[in-house]
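[1] A predicted structure for the sequence below; I have some questions about it.
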Amino acid sequence: MVAPLITLTTDFGEGSLYVAEMKGVILSLQPEARIIDITHSIPPQDIRQGALALEQATPQFPPGSIHVAVVDPGVGTDRKIAYACIDGRHYISPDNGLCGLLVRRHPPSSLIALTNRRYWREPVSNTFHGRDIMAPAAAHLCLGAPPADLGEPLAELTRLDWPDVRIEPARVTGEICAIDSFGNLISNIEDHLASSLGPADRLEIRCCGRVIRGLSRTYGDASLGQCIALYGSNHRLEIAIVGGGARQALSASVGDVVEVAAAPHEGRRP
Amino acid sequence: MVAPLITLTTDFGEGSLYVAEMKGVILSLQPEARIIDITHSIPPQDIRQGALALEQATPQFPPGSIHVAVVDPGVGTDRKIAYACIDGRHYISPDNGLCGLLVRRHPPSSLIALTNRRYWREPVSNTFHGRDIMAPAAAHLCLGAPPADLGEPLAELTRLDWPDVRIEPARVTGEICAIDSFGNLISNIEDHLASSLGPADRLEIRCCGRVIRGLSRTYGDASLGQCIALYGSNHRLEIAIVGGGARQALSASVGDVVEVAAAPHEGRRP
Amino acid sequence: MVAPLITLTTDFGEGSLYVAEMKGVILSLQPEARIIDITHSIPPQDIRQGALALEQATPQFPPGSIHVAVVDPGVGTDRKIAYACIDGRHYISPDNGLCGLLVRRHPPSSLIALTNRRYWREPVSNTFHGRDIMAPAAAHLCLGAPPADLGEPLAELTRLDWPDVRIEPARVTGEICAIDSFGNLISNIEDHLASSLGPADRLEIRCCGRVIRGLSRTYGDASLGQCIALYGSNHRLEIAIVGGGARQALSASVGDVVEVAAAPHEGRRP
């Protein structure tokens, strides 16, 4: 039987030597570990983007996988490091909200603060707990250590500061919460919220000064250069430019408002 | 015996969460899969660059490897998804020309349209068939599923729109077809075409206003800053600046003309 | 028992097809090889940054690992390709100083020039020995070939051109030797050199026009936007902006001077 997978999600940057150091530490303890990079392109210290990455990617991995996430502006301070078991998967991260979107869907079945120095790499630096505490913890879990041995029970996780969607009778207002490498603008409005307003062809979407009438089914259904709205592969409303990048075309940024409204009935117009 | 390798080639960007989702889907179906990233830096929706990547990298992998390529501007439309067996290797990609350079060298021995929903991840999104159709197909092949089970026979692959090289008695005219991270300009002129014009030291290469006399053997054979032409490691004529980047120095782009001519015989000069 | 790890460190760029070619060559010879990317983001032809990467990352990997490093401006010329056994780990690289920082700590126990063509991929290109000589050598070592079979004994490695730290009675002067993806400025001044000048709160650090009084313990110990100095996770003095990037804020570059001085005793001030 193969050892459980270990995944890494960090804000260290693709090609970062800090990532390589973590892999070396894991493989020195558990030579059979199989390590998968989820991403190292989280913007520096951006806990929200880290939380989104964990929510989008980690549920695709097999139950039992060990997910390590390091977006850690508070490294070396008194912030805790947490182990959480969420939906049958193991998460190790600073306790700063990184698992905040995951726990909205599945409350954690186990929470531990990583306080047991026996599982740390010594000496522990003040600036790199990913290497000195989180990587060894993941390796030990992969070797079969019981999570409870990693430290002491933790009452609850720190909550994530996450923008709420405002829901009104004929309008849902959210914001751009992520932008992918194609420049697609991904909102925090989930498909069921938008579709509750009416049929897809009667919705009116506003974002960065553009008004889009109706939802498209996929990118290739509209003509090159057209600005469209659609439900993306992770069930969120997104705005795209066919064959181009909406980020640049709309000068859009994370945090910009996205509004979905039910179009007024044609018949009611004077 | 180890499971066959699965490689991934996409235009999702390094560090893209879409890549991580595909890996999770593969590993959930086939936990022993070994996944290698070929590249995720294909420019968005650039099928030619995707075709070049497959041609350059995949023949280096062992026969039996499973190569998944996702550059898919037509996702969710009626374009097909193809399985092709080419030179003993398995390819899964949208049928849009991505395998077009490979099949020039080796006609496919088997072609299947991926229509068997039993091998798909449900529900299938309209915008991410890489995750929902291609990744599961690769995992099932890796588990030993016969390719014919993935769908129905496909008569032929869509051809790649690829720039031809013009061959004249004393001249070969092509274009820059790729630029690597060093800024080296890689042309679509293969070494045998250029060398048929005469000995390497008698060739004259023109590109972006520069005239280069004779071919160099390697980068370090010329002095720093010199603009040289040579045959690269994949048998194509390339233009380079020693210790620098030709892309910037020559303001070069993919598509710029590259011309190779036999230099006039010295003796004939008046 | 698992096969030894093979790691790759290059200046090819993340997502480079040259990296994929090397992986294909390795896996074609040794299908059970497990390949870890250390980084492919070494600036082109920057041997010093390559040496730093090897020094920082490779000692974290298990003894017996095979580390391949390709930063190779002299490819195809008469520079040698070296195998070195350093601190129980195997290194394959052009003999151009890449292992220069490693051998300062641990003299190599074995040195071989890779001259045995039996272990090369044929035909050998003039421009890509990473693929045609170094990757096959790594695969053969991974399969159990004795290092001595790779070629002939090599008397010594080419030295690395490395900036020295100037040590005076109350002052240590070095320079920025690396900048990480957070924009932290990492100097060539090791912690023991700086701490020999006096207690951490009495040190005065000068860099790019800034004067920093005292060392911080970690990033989160100072307020947002503050410019601090601290010992990083690899025991070198570094300069950082809390929650920001020092590279931009200080317009800093590799090579800029970093000076540490013992602050004058308060009591002596007039």
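    Now that the structure is in, tell me what you want to look at.

[2] Where do the strands of the stretch 1-150 of chain A begin and end?
    Using DSSP state E, counting those that start in this stretch, the strands of the stretch 1-150 of chain A run over A:5-10, A:34-39, A:66-70, A:81-86, A:89-94, A:110-113.

[3] Stretch A:36-54: which residues count as buried?
    Under the neighbour-count criterion of 16 or more other C-beta atoms under 10 Å in any protein chain shown, stretch A:36-54 has A:36-42, A:44-45, A:47-54 buried. Glycine gets a C-beta too; all of them are placed from N, C-alpha and C.

[4] before we move on, back to that, out of the strands of the stretch 1-150 of chain A, which is closest to chain B?
    Between chain B and the strands of the stretch 1-150 of chain A, the shortest gap by C-beta to the nearest C-beta is with strand A:34-39, which sits at 4.3 Å.

[5] List the neighbours of the closest one that are in contact with it.
    Residues outside strand A:34-39 that contact it (C-beta atoms under 8 Å, 6 or more residues apart in numbering or on different chains): A:2-3, A:5-10, A:19, A:23, A:26-27, A:53-54, A:57-58, A:61, A:67, B:15-17, B:20, B:23, B:27, B:35, C:36.

[6] what does stretch A:92-99 give?
    Residues outside stretch A:92-99 that contact it (C-beta under 8 Å, 6+ apart): A:47-48, A:50-51, A:54, A:66-75, A:79-84, A:86, A:91, A:108, A:113-114, A:129, A:134, A:137-138, A:141, A:154, A:157-161.

[7] Can I get the strands of the stretch 1-150 of chain A in TSV including mean pLDDT?
    Putting those into TSV (pLDDT from 0 to 100) gives the following:
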stretch	mean pLDDT
strand A:5-10	98
strand A:34-39	98
strand A:66-70	98
strand A:81-86	98
strand A:89-94	98
strand A:110-113	98
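
[8] mind checking which of these is nearest B:Ala240?
    Ranking the strands of the stretch 1-150 of chain A by distance to B:Ala240, with C-beta to C-beta as the measure, places strand A:34-39 first at 31.1 Å.

[9] Partner strands of the closest one and their direction?
    According to DSSP bridges, strand A:34-39 forms sheet pairs with strand A:5-10 (parallel).

[10] which other residues reach the partner strand?
    Judged by C-beta under 8 Å, 6+ apart, the contacts made with strand A:5-10 from elsewhere in the structure are A:16, A:18-19, A:22-23, A:26, A:33-40, A:42, A:50, A:53-54, A:57-58, A:61-62, A:65-71, A:130, A:138-139, A:142, B:20, B:27, B:31.

[11] which of the residues you listed count as buried?
    Among the contacts of strand A:5-10, those buried by neighbour count (16+ other C-beta under 10 Å) are A:16, A:18-19, A:22-23, A:26, A:33-40, A:42, A:50, A:53-54, A:57-58, A:61, A:65-71, A:130, A:138-139, A:142, B:20, B:27, B:31.

[12] how close does the most centrally placed residue in chain A get to chain C?
    Among the residues of chain A, the smallest C-alpha distance to the mean C-alpha position (C-alpha atoms, centre = their mean) belongs to A:Leu52, namely 1.6 Å. Taking C-beta to the nearest C-beta, to the nearest Å as the criterion, A:Leu52 is separated from chain C by 19 Å.

[13] What distance do you get for that residue to A:Pro63?
    According to C-beta to C-beta, to the nearest Å, A:Leu52 stands 21 Å off from A:Pro63.

[14] now swap in A:Leu101 and tell me
    The span separating A:Leu101 from A:Pro63 equals 18 Å under the rule C-beta to C-beta.

[15] neighbour count winner among these two?
    Set A:Leu101 next to A:Pro63 and count neighbours by other C-beta atoms under 10 Å in any protein chain shown: A:Leu101 wins out with 20 against 11.

[16] Please point out which parts of the strand or helix carrying A:Ile212 sit buried.
    Under the assignment given by DSSP states H and E, the secondary-structure element containing A:Ile212 is strand A:210-213. Of the residues in strand A:210-213, those buried under the neighbour-count criterion (16+ other C-beta under 10 Å) are A:Ile212.

[17] so what does it touch, helix or strand wise?
    The contact analysis (3 or more C-beta pairs under 8 Å, 6 or more residues apart in numbering or on different chains; DSSP states H and E) places strand A:210-213 against strand A:203-207, strand A:227-231.
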